[in-house]
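Visitor: what's the 3D shape of this:
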Amino acid sequence: MTTTPSAPTIRTPFPTKPNQPGFVRRLACKASDQGSNKKNPSKLDRRDMLIGLGGLYGVAGLTLDPLASATGPVQAPDLSKCHNLLDPPSEKLKDVKCCPPYSDKIVDFRPCQPPRTLRIRPAAQWMDPDDVAKYKKALALMKALPEDDPRSFVQQAKVHCAYCNGAYDQVNSGNDHYIQVHHSSLQEKTSIGMTKIVPTSFIFRANVLSDTPIRAYSVTIRSHVQALNYYRTIVPPRRKSNASNRRRLAPHHSTMLSPLCTPSGAAPPSISCRTPSSTTTAGIYQIWLNRLKERLRCGGATSSSDWNRETSYAWLFFPFHRWYLYFYEKILGSLIDDPSFALPFWNWDHPSGYQIPSIFVDQTSPLYDLNRNPCHLPPTMVDLDYTAGEIFNPKPPVSEAQQVSINLSVMYRQMVSSAKIPLLFFGEPYKNGDCPDPGQGSIESMPHNTIHIWCGDNRRENWEDMGSFHSSGRDPLFYSHHANVDRMWNIWKSIPGAKRVDINDQDYLNSTFLFYDENAQLVRVRVGDSLDSKKLGYVYQEVDLPWLRSKPRPTKINQQKMLTKKTNNSGSLPVKDPPPNNEDMNITPISRFPLTLSETVTIVVKRPQKSRSRYEKEFKEEVLVVSGIHYNIDEPVKFDIYINDEDDDAITGPQKAEFAGSFSTVVHKSKVGVQSCDQMKLNIGISDLLEDIGADDDDSVKVTLVPRSGIGKVTIEAIKIDYIA
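Guide: This is a model prediction of the structure:
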C-alpha cells in the first residue's frame, strides 16, 4: 500500500513515555511468526531515516510536522494514563467517562488453530427464535454485571468511547498524541485553557509582493507547510537555487513569525513578511518552527510538545472493530455458557434488511435502546445516503423501489467501483505519531457514518446514542451494525480484483490494542492476527448481494455524448472536448481554493493522463483527491461529489453514474483544551466511473461538490486527480 513520504523529525528533549507497565504473559497457543518481523529490503525504513534527520532538528523541541513522529506501529495504550471526556459542548456531557478499569496484568493474544465448527453470525432479520432468546439472555446478564466489571455492558460501551474520542495517549510517540479510531484532527493543547489558545492569533501577508493581510487559523498552518513538500526535499536539488526555495515559500505565507503576546481575544497586529535568508528548504522550515515555538509559548501554550493529534478515519478502522466485536461476542457466549454463540449482523446491504431488525425494537427487550430517531423505526427503510441536513431541508419523498435503488447504488459504488485498491477501502495509513490528516475508507464514510447518523436521536443535542461516537456503544444495535461492516471486509476481498487484498505494511500488522476478554483478563492483540475471521472462529451467513448487479446508469446527456463519440470515432477525426466556459457553466476557478462549501460548486479538474490502457488501469487506479477538508467535529457533516453531471434536472443521488461518492462524519467529542476543528483527505476511485460516463478520453472533468449538512462550515483546500497503485 502506498504511504505518505516521511518528514523531517523535530526531536523533543523531553523523555518519551515508558512502555506498557505490568506483568506480561502469553496465552498457551503457540503463535506463528509469519509476517511479523519481516522487512522489505528494498524499502527504506522510516525509523532509519528519522534517526539520520534527528541531529539536524534536535534543537527545536517541538514536533509540528505532520509526519515528524512516525516511529512505527500504533501501540496499545497505557490504561493508567487514560483521560475522560472533559470538553463537552454543554453541561449535559460533563460527567461522561470513557476510561475502563485499570489492570497492569496483560496477556498477549496468540492465534490458535480455528475450531472445527465455526461460529456462524446470522442475518438479524432471519434469526431463529431460539438464537434470539439466547442473545436476549446473554445481554441481560451482561447488563446485570457490576458497572466496574470490565465485561459489563457499561464498560463495553466505554471501549468505543475511549478509543474513538482520544482518551488514550499514544505510547512512545515522542509527543502528546492521542489514539482515536474515528476522527482526525490537528489539535492544540494549552495549560491555561482553551480561551488562550492560538487559533486566531496569526495574520500573514499574502506573499512577499503583497501588502494585503490575511488571517490564517492555526489549524490551517500545518497544511500550508505540508503543501510545500518540505519532507520530500530536505536539501534542494543542485539545479534549484535558493531563490527557487523562496519563490516556493512566498505564496504560502511567511516563515518570519514574530512573537505576539497579545491578550486572548484581542486582534493581533499583522506580521511583516520578508523572504527567509536560509539557503536550504530544511533551514527555512527550521526558522518557521523556531518562530512558531516562541509564539506558542507566549500565547499560553505549554513549553513542551503541545501539538496533539486524534486520528484516524484511517486503516485501523476495520481491525479495531473486528477485535472489539470478537471480545464482546466471547463475553456474551461465556455468560450463557455457549461457546457457539454468534453475534447477529444487521443486513443493511440487502432489501430484506433495510429496516431496523425487529429484535431491537421490542421495548421490553434488553436489545432495545430509547435513544433512537423515532422517525426511523420500522417500517421505515434505512437510507444509506442519509444526511443530518435533511432535518432542515428534507429530500423529496421517494418510493420503496426508489429507496432500494438508492441503497443498492451506494453499495455498488462504495464496494465495487470506488474501492478497487486497499487505500480506497481501508483508508489512509496511520502510524505512531503519524500525519494528523489521514482519510477514511469508502465503507467508513458511507454507509457506516450515514447509518450512525440515521439511527441517532436527532432530538438530542449530540444525536445520542448511535449518532455520536462517545455514546454509540450504548445501543445494542451498534454491535450488529458493525458486524455487517466487518462482513464487508470479508466480502470486499472476495470480489474479483488482483488488488483486493489485505494491507501488508508491517506497521499496520503490528499495531496493537487492549481489550478485556470473557475472563476479565486484559489482552493485547495485533492487527495482523485479525485479517482472517475464520482464524478467530467465525464466518457470516451467506446472503445474496444484489448490489453487485446494481451499476448506476449515466444521465441521458452523457449517454448521448458517448453515442456521439462512438459514431464520430468510427470513421473520422477524434472528438475533442470544447474548452470550459466559466460563465456559461458556472465554473468555480481553481484559484478560488481554499473555498467554503456554502453552496454547490463546480470545478474543472485536469487529468494528468487520459485514454489509459486496460493494463494501466489495472496497475494504477485513477483517484479524485479532495484534501485539506476542515470542519467542526461537534456536528454531522456531509457533502456529495459528482463528475460531469450536466443534467438539467435536480441532482438525484447515488443512482446516477455521475455520483462519485460522499464525505460524511459523525459527531465526536474530545479532551479539554483541544480545539474542535478537523482536517481530512478524501480519496475516491474514479477509473470505472469515467468509463461508465464516457469521459475516459477527456482532458479534464467537471467536479461538482454539493453540501448537504454542515453547510457553510466546511472548507476545502485543494482538489486534484492522482494515480495510485
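
Visitor: correct me if wrong, but residue 492 is in a helix.
Guide: Yes: assessed by DSSP: H, G, I helix; E, B strand; the rest coil, residue 492 belongs to a helix.

Visitor: give me the neighbour count for it.
Guide: Counted by other Cβ atoms under 10 Å, the residues lying close to residue 492 total 24. C-beta coordinates here come from the backbone N, C-alpha and C atoms, glycine included.

Visitor: assess the claim that residue 607 and residue 702 are in contact.
Guide: No: with contact defined as Cβ atoms under 8 Å, residue 607 does not reach residue 702; the gap is 11.5 Å.

Visitor: contacts only, for residue 333.
Guide: By Cβ atoms under 8 Å, 6 or more residues apart in numbering, residue 333 lies in contact with 138, 339, 340, 341, 518.

Visitor: helices of the stretch 551-700 of the chain, start to end?
Guide: 556-569, 582-585, 614-619, 687-692 (DSSP state H, counting those that start in this stretch).

Visitor: again but with the stretch 401-550 of the chain, I slipped
Guide: Counting by DSSP H, counting those that start in this stretch, the helices of the stretch 401-550 of the chain are 422-426, 442-443, 449-455, 476-494, 506-509.

Visitor: model confidence over the longest one, on average?
Guide: Okay, so that is helix 476-494. Averaged across helix 476-494, the pLDDT comes to 98.

Visitor: buried sites along it?
Guide: Buried residues in helix 476-494, defined by neighbour count with 16 or more other Cβ atoms under 10 Å: 476-489, 491-492.

Visitor: which one of these is nearest residue 366?
Guide: Checking those against residue 366 by Cβ to Cβ gives residue 476 as the nearest, at 7.3 Å.

Visitor: excluding chain neighbours, what is closest to the closest one?
Guide: The shortest distance from residue 476 to any non-neighbouring residue, by Cβ to Cβ, 6 or more residues apart in numbering, is to residue 367 (4.6 Å).

Visitor: which strand or helix spans that neighbour?
Guide: Counting by DSSP states H and E, there is no helix or strand that carries residue 367.

Visitor: run a quick neighbour tally on it.
Guide: 23.

Visitor: contacts only, for it.
Guide: 135, 136, 139, 359, 360, 476, 477.

Visitor: so the fifth one touches residue 368, yeah?
Guide: Same thing as residue 360. Yes: counting by Cβ under 8 Å, residue 360 touches residue 368, with 6.5 Å between them.

Visitor: for residue 155, helix, strand, or coil?
Guide: helix.

Visitor: likewise residue 171?
Guide: Put simply, residue 171 is coil when judged by three-state DSSP.

Visitor: excluding its backbone neighbours, what's nearest it?
Guide: Using Cβ to Cβ, 6+ apart, the closest residue to residue 171 is residue 75 (4.2 Å).

Visitor: how about residue 77?
Guide: Counting by Cβ to Cβ, 6+ apart, the residue nearest residue 77 is residue 168, at 3.5 Å.

Visitor: give me the pLDDT for the one you found.
Guide: 73.

Visitor: and what of the one 3 residues further on?
Guide: With respect to pLDDT, residue 171 scores 71.

Visitor: you'd agree residue 696 is up against residue 690?
Guide: Yes: taking contacts as Cβ under 8 Å, residue 696 lies within contact range of residue 690: 4.9 Å.

Visitor: ok, now how distant is the spatially closest residue to residue 404 that is not a sequence neighbour from residue 124?
Guide: Spatial nearest neighbour of residue 404, chain neighbours left out: residue 351 (5.3 Å); criterion: Cβ to Cβ, 6+ apart. Residue 351 is 14 Å from residue 124, where distance means Cβ to Cβ, to the nearest Å.

Visitor: between these two, which one's more packed in?
Guide: Higher neighbour count among residue 351 and residue 124: residue 124, with 28 against 18, using other Cβ under 10 Å.

Visitor: how about that one, what does it touch?
Guide: Shown in contact with residue 124 (Cβ under 8 Å, 6+ apart): 344, 345, 346, 347, 353, 357, 359, 360, 480.

Visitor: what does residue 371 give?
Guide: Applying Cβ under 8 Å, 6+ apart, we find residue 371 in contact with 456, 457, 460, 464, 465, 466, 471, 474, 475.

Visitor: pull out the buried members of those.
Guide: Buried, going by 16+ other Cβ under 10 Å: 456, 457, 464, 465, 466, 471, 474, 475, out of the contacts of residue 371.

Visitor: okay, and residue 723 sits in which element?
Guide: Secondary structure (DSSP H and E) places residue 723 in strand 718-724.

Visitor: and that strand, which strands flank it?
Guide: strand 621-631 (antiparallel) (DSSP bridges).

Visitor: I'd like the mean pLDDT over the partner strand, please.
Guide: Strand 621-631 comes out at a mean pLDDT of 94.

Visitor: go on, stretch 589-603?
Guide: Here the average pLDDT along stretch 589-603 is 92.

Visitor: please point out which parts of that stretch sit buried.
Guide: So, applying 16+ other Cβ under 10 Å, buried residues of stretch 589-603: 595, 597, 600, 601, 602, 603.

Visitor: need the residues you listed in CSV with distance to residue 565, can you?
Guide: Shown next, in CSV, are the buried residues of stretch 589-603 (distance: Cβ to Cβ, whole Å):
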residue, distance to residue 565
595, 32
597, 32
600, 27
601, 27
602, 22
603, 23
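
Visitor: which of those fall within strands?
Guide: 595, 601, 602, 603 (DSSP state E).

Visitor: show me which pair in these is furthest apart.
Guide: Taking Cβ to Cβ, no two of these sit farther apart than 595 and 602, at 11.6 Å.

Visitor: can you list phi and psi of the residue lying closest to residue 329 once chain neighbours are set aside for me?
Guide: Distances taken as Cβ to Cβ, 6+ apart place residue 343 nearest to residue 329, at 4.6 Å, with adjacent residues excluded. Dihedral pair for residue 343: phi -70, psi 130, per degrees, to the nearest 10.

Visitor: my guess is residue 343 contacts residue 479. True?
Guide: Yes: Residue 343 is within contact range of residue 479, at 6.2 Å (criterion: Cβ under 8 Å).

Visitor: which residues do these two both contact?
Guide: Common neighbours of residue 343 and residue 479 (Cβ under 8 Å, 6+ apart) are 325, 328.

Visitor: that older thread, considering the helices of the stretch 551-700 of the chain, which stretch scores lowest in mean pLDDT?
Guide: helix 582-585 (a mean of 51).

Visitor: how about the strand holding residue 723: buried residues?
Guide: Buried, per 16+ other Cβ under 10 Å, within strand 718-724: 718, 719, 721, 723, 724.

Visitor: for burial, what's the neighbour tally of the closest residue in space to the third one that isn't next to it in sequence?
Guide: In other words, residue 721. Nearest residue to residue 721, sequence neighbours excluded (Cβ to Cβ, 6+ apart): residue 607, at 5.3 Å. If you count neighbours by other Cβ under 10 Å, residue 607 ends up with 20.

Visitor: next one, pLDDT for residue 607 please.
Guide: Looking at residue 607, the pLDDT reads 97.

Visitor: can you give me the strands for the stretch 301-450 of the chain?
Guide: For the stretch 301-450 of the chain, the strands defined by DSSP state E, counting those that start in this stretch occupy 307-310.
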